[in-house]
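Visitor: Below are the sequence and a predicted model; questions follow.
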Amino acid sequence: MKRHFLLLTFLLIGTSAATAEDPVAAAYYFPNWHRRPGQTGDRFGEWPNIPRALPRFPGHQQPKRPLWGVGDEADPALMAKKIDTAADHEIGAFLFCWYYHEQGPYLDRALNEGYLKAANRARVPFALMWANHDVGGSTGRKGAVSREVFERMARLIIDRYFADPAYWRLDGARYFSIYQPRTFIEGLGGIESARAALAWFRQTAAEAGAGPIHLNLVDFQLNKEADRLRLVRELGADSATSYVWIHDPGAWRQLEFPSVDYDPVRQAYFASWDRHWKASRLHFPNVTMGWDPTPRLRPDQPHTGKGYPDSPVVTGNTPERFRAALEQARDRALLLPPERRVVTIYAWNEWTEGGYLEPEQRTGMEYLEAVRDIFGSAGVRAPPS
């Protein structure tokens, strides 16, 4: 196994390792745009939710109209188109939302059958963000898992994903992110047990020839702590980041029903980053393209703003304002150590939550063009003093 890893790494050493000092834009990829087991007819992932979305208040821009239309992301040809488009616009990595519960993996066809079979995948390396949250409905999937299940999951990650030469690395270490750190701790039975499981994961990966792991924690559950760095230190993590701005309490407090302007949310997020994370030099700043989960409401369900997906909507997220947010995040990433200058972006394709870089009929490629302009060689400048 170790020789296998070393050979694959040698073959594509230049394509999946992030070693440049310029900030890297890493976009979250939501993998629910393919037919799942049991789906038939026009029931195709979340695609049906998009055209049936309704404007819920005056000026509400729904439904969205994806420029590329409906497509099966488990098709390598379509995934190759996504990869080329992302690479041409300075997306440096896809962070796949990757689901694994007691029952095993879930929503993995986009990665396994689409991305991993795309011949050009090395143009945009991939990494896993373990989306270890409960999945409702008829699935009955709980986010907390036992040590036994964690080890089974980790071996799958090492053998199938870390072994791929397109797996994303920071300073030579394979990036792996945990969406809900406290849920992980709960399943393992406490912080000490969780830390031990992660140490086992690191050791097992190294023994298999995968090298070191860069462990990242999403701050969704850390933001509620007085000391947001505590769990990062206690779990031995290497970095933290955000998934979406509204997970930050300061940004969340800006939300008003039925909608709030993009700029106050943006300003609140970066003010919170400066206050809680700047000095640590380990938090990758985030840029959120938008927030609007109302397409997940049933057409007959009223919009009251009292819960998810019945939440307030962020409006006014124009390409120009998104560009300004990218600049703010890039400048903060330049404060980080050169080998870990990362900006996470929400998201490549969260169409039913209002965060997407994929082209839409009204704005075309403008959001992707903003990423290209800010993260291309002409857009990166010296670190601020």
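Guide: On my side now, so go ahead.
Visitor: Mind giving me the packing neighbours of the lengthiest strand in the chain?
Guide: Determined from DSSP state E, the single longest strand within the chain is strand 91-101. Under the contact criterion of 3 or more C-beta pairs under 8 Å, 6 or more residues apart in numbering; DSSP states H and E, strand 91-101 touches strand 24-29, strand 104-106, strand 126-130, helix 147-156, strand 173-178, helix 366-375. Bear in mind the C-beta positions are built from the backbone N, C-alpha and C, glycine included.
Visitor: could I get those as JSON lines with distance to Arg230 and mean neighbour count?
Guide: Formatted as JSON lines, these follow (distance: least, C-beta to C-beta, whole Å; neighbours: other C-beta atoms under 10 Å):
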{"stretch": "strand 24-29", "distance to Arg230": "25", "mean neighbour count": "26"}
{"stretch": "strand 104-106", "distance to Arg230": "30", "mean neighbour count": "15"}
{"stretch": "strand 126-130", "distance to Arg230": "20", "mean neighbour count": "23"}
{"stretch": "helix 147-156", "distance to Arg230": "22", "mean neighbour count": "16"}
{"stretch": "strand 173-178", "distance to Arg230": "15", "mean neighbour count": "24"}
{"stretch": "helix 366-375", "distance to Arg230": "32", "mean neighbour count": "21"}
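Visitor: Which one, of those, ends up nearest to Ile246?
Guide: Ranking these by proximity to Ile246 (C-beta to C-beta) places strand 24-29 first, at 14.1 Å.
Visitor: Name the residues that touch the closest one?
Guide: Strand 24-29 has contacts (C-beta atoms under 8 Å, 6 or more residues apart in numbering) with 18, 86, 90-97, 110, 126-127, 129, 168, 243, 284, 326, 341-350, 357, 371, 374-375.
Visitor: re earlier: alpha carbons only: can I get the longest strand of the chain in CSV?
Guide: Listed in CSV are the C-alpha atoms of strand 91-101, where the atom choice follows Å, rounded to 0.1, in the frame of the first residue of the first chain:
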residue,chain,number,x,y,z
ILE,A,91,-10.8,27.8,-8.1
GLY,A,92,-7.9,25.9,-6.4
ALA,A,93,-9.8,23.1,-4.8
PHE,A,94,-13.2,21.5,-4.4
LEU,A,95,-14.2,20.7,-0.8
PHE,A,96,-16.8,18.0,-1.2
CYS,A,97,-19.4,17.8,1.4
TRP,A,98,-19.0,14.1,2.2
TYR,A,99,-21.5,12.1,4.2
TYR,A,100,-20.8,9.1,6.3
HIS,A,101,-23.0,7.8,9.1
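Visitor: and Arg266, what is it in contact with?
Guide: Arg266 makes contact with Trp245, Thr288, Arg321, Ala324, Ala325, Gln328, according to C-beta under 8 Å, 6+ apart.
Visitor: at 6 Å instead, please
Guide: By C-beta atoms under 6 Å, 6 or more residues apart in numbering, the contact set of Arg266 is Ala325.
Visitor: Take the helix or strand containing it, keep the C-alpha atoms, and write them as CSV.
Guide: Arg266 is part of helix 262-276 when elements are defined by DSSP states H and E. Extracted C-alpha coordinates of helix 262-276, given in CSV (Å, rounded to 0.1, in the frame of the first residue of the first chain):
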residue,chain,number,x,y,z
TYR,A,262,-25.6,41.5,2.0
ASP,A,263,-23.3,44.3,3.2
PRO,A,264,-24.2,44.3,6.9
VAL,A,265,-23.8,40.5,7.0
ARG,A,266,-20.4,40.8,5.3
GLN,A,267,-19.2,43.5,7.6
ALA,A,268,-20.4,41.6,10.7
TYR,A,269,-18.6,38.4,9.6
PHE,A,270,-15.2,40.1,8.9
ALA,A,271,-15.5,42.1,12.1
SER,A,272,-16.0,38.8,14.0
TRP,A,273,-13.1,37.2,12.2
ASP,A,274,-10.8,40.1,13.2
ARG,A,275,-11.9,39.9,16.8
HIS,A,276,-11.9,36.1,17.3
